[in-house]
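Asker: Here is the input, now give the coordinates:
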Amino acid sequence: MKVNNISKIYLANFLKNLNFFGAIAIPYFIDWIQVDYTRIFLLQAWFIFWTFVLEIPTGIVADKWGRKYSVGLGCLFFAADMFFFGISRNYTIFYLAEFLGALGFTMISGADKALLYDTVCEINESGRARYYLARYELFGTIGLLISFPVGSLIVSQWRFEGVLAFPFFLTGILLTIAFLVFLWIDEPNRIKPDENFLKMGIDGLKFLFSYKKLRLFTFNYITISAITFFMFWFYQTLLRQTDVSVGYFGLVGSGCNLFAAILLSKVKILEKYLGISRLLFLTALIPGLLYIGISLNKNLFFVLFAVFSVIGLKLLRMPILLDYVNQMIKSHNRATLLSSVSILEKVIIFVLYPFIGLIADYSIDMAFLLLGTICIIFTLFTRIEKQFLLKEN
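Answerer: Just a heads-up that it's a prediction; the model follows:
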């Protein structure tokens, strides 16, 4: 039964990652809504602001009343966000939509992985948790792998008005189904915290900052993840600059996720030959160098190599770092602490959004140069040495 629960969690993650809009988001905003990068990123900064405000309260809801309910309702709120994008062209209305999306996102953030980790512990597999986490990311990646080309195919093959909005609507439908699957899961029994919301949130952040080893892993995770995140927004513009048709955007996005899936399926091999310390260092350094390379070279083959590598390495390092973070925190407040980690990442993205948007509207090359430089600086200052990788009991 417990193993079946893990299968249900994998299925739910697959469904909630069927993001048919992912490969056509930039054409949607620029061509259909007719806004520039500055306004796109201002809208996204609004989204990030609310994820910051809501992250701790929603994480506490997951710890107090149930992770499956938190994640399921998160899918439902995020579905409402998608439905707004699917039926409206009003830029102002999107601020309401993104508030609902932020509420949904934060109810999922941390709680889904906490649900999986506790389920893995219940079957006495905690020592192999990072492989379950990697498989969880793999199923999510497969969802993206399927939905990206379908979304761009819809846009390129059907010419009815509003075709760029339809993938958002379709995504909302699949998120609603994911909600039902999460409710179907049998959540493991655990000790639930009885502290008040504010105290739990403050204590979670204090713990992250006070524990040196946890602080190092957390800052390595959030800084590199925040910087590499921007490739999801810029790769479609890069393809446009190299004269790639929108019909192929989904194939490129899908290819990136296929590459990530292959890397995630080879975690054990990569650990064996590189060691975790070197693996984490290279997966942070290489994206920074590639960002700088993109600012200097727009050759199609190099652009594709850079896009695939940055996204693939970003997704590869996530489950490895989350495994170590999970080892250092207790089950009863795991979702709260993982939400605290997510908050810190969102703060970095929130600060960067307006500046990167303005710079990108002026010069996309300058934006990549800046992102690459920041990525390399964070890589060097948050490097995780071998002595920090010893397992904790």
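Asker: make it CA atoms for all contacts and neighbour counts henceforth
Answerer: Fine.
Asker: centroid residue for the chain?
Answerer: Residue closest to the average C-alpha location in the chain (CA atoms, centre = their mean): Phe229, at 7.7 Å.
Asker: for it, what are its contacts?
Answerer: For Phe229, the contact set (CA atoms under 8 Å, 6 or more residues apart in numbering) comprises 311, 314.
Asker: again with Phe219
Answerer: By CA under 8 Å, 6+ apart, the contact list for Phe219 reads Thr382.
Asker: got it, and Asp81?
Answerer: The contact partners of Asp81, by CA under 8 Å, 6+ apart, come to 97-101, 172.
Asker: So, low pLDDT: which residues of the stretch 51-200 of the chain?
Answerer: 56-59, 62, 126, 189-200 (pLDDT under 70).
Asker: sorry, back to before: just name the closest of the contacts of Asp81 to Leu316, please.
Answerer: Leu316 has its nearest neighbour among the contacts of Asp81 in Gly101, at 25.3 Å by CA to CA.
Asker: element containing that closest one, please.
Answerer: Element membership for Gly101, per DSSP states H and E: helix 93-108.
Asker: Which strand or helix spans Leu263?
Answerer: Counting by DSSP H and E, Leu263 is found in helix 249-265.
Asker: So which elements touch that helix?
Answerer: helix 129-157, helix 300-327 (3 or more CA pairs under 8 Å, 6 or more residues apart in numbering; DSSP states H and E).
Asker: Figure out how far the helix holding Gly101 is from the centre of its chain.
Answerer: Put simply, helix 93-108 sits 15 Å off its chain's centre (CA atoms, centre = their mean, to the nearest Å).
Asker: Mind giving me the packing neighbours of it?
Answerer: Partner elements for helix 93-108 (3+ CA pairs under 8 Å, 6+ apart): helix 37-65, helix 67-87.
Asker: related to what we said a few turns ago, which one of the contacts of Asp81 is nearest to Gly357?
Answerer: Glu98 (17.8 Å).
Asker: What sits closest to the closest one if chain neighbours are left out?
Answerer: Nearest residue to Glu98, sequence neighbours excluded (CA to CA, 6 or more residues apart in numbering): Phe47, at 5.4 Å.
Asker: Which residue comes closest to Thr237 once chain neighbours are left out?
Answerer: Looking at Thr237 with CA to CA, 6+ apart, the closest residue is Ile26, at 7.3 Å.
Asker: so that neighbour makes contact with Leu238?
Answerer: No: at 10.8 Å, Ile26 and Leu238 do not qualify as touching, with contact defined as CA atoms under 8 Å.
Asker: These two: who's more crowded?
Answerer: Each of Ile26 and Leu238 has its neighbours counted (other CA atoms under 10 Å); Ile26 has more, 22 against 19.
Asker: Helix or strand: which one has the more buried one?
Answerer: helix 25-27.
Asker: how would you label Glu187: helix, strand or coil?
Answerer: With DSSP: H, G, I helix; E, B strand; the rest coil as the basis, Glu187 sits in coil.
Asker: What is the burial count for it?
Answerer: Neighbour tally, Glu187, other CA under 10 Å: 18.
Asker: which residues sit in contact with the nearest residue to it once chain neighbours are set aside?
Answerer: Nearest residue to Glu187, sequence neighbours excluded (CA to CA, 6+ apart): Lys68, at 6.7 Å. With contact set as CA under 8 Å, 6+ apart, Lys68 has these partners: 62, 111-112, 115, 182-183, 185, 187.
Asker: Lys68 and Asp186, how far apart?
Answerer: From Lys68 across to Asp186, the span is 8 Å (CA to CA, to the nearest Å).
Asker: May I have the phi/psi pair for Val244?
Answerer: phi -90, psi 130 (degrees, to the nearest 10).
Asker: Contact partners for it?
Answerer: Val244 neighbours (CA under 8 Å, 6+ apart): none.
Asker: From Thr119, how far out is Thr218?
Answerer: 23 Å.
Asker: count of residues packed around Leu270?
Answerer: 15.
Asker: nearest spatial neighbour of it, skipping sequence neighbours?
Answerer: Leu279 is the one closest to Leu270 (CA to CA, 6+ apart), at 7.3 Å.
Asker: Now the one you found: which helix or strand?
Answerer: helix 276-296.
Asker: got the buried residues for that helix?
Answerer: 276-295 (16 or more other CA atoms under 10 Å).
Asker: cool, stretch 248-261 as well?
Answerer: For stretch 248-261, by 16+ other CA under 10 Å, it's 248-261.
Asker: Could you pull up the residues touching Val303?
Answerer: 238-239, 294, 297.
Asker: which ones are touching Pro27?
Answerer: Contacts of Pro27 (CA under 8 Å, 6+ apart): 164, 246.
Asker: no, scratch that, I was asking about Leu138
Answerer: So Leu138 contacts 260-261, 264-265 (CA under 8 Å, 6+ apart).
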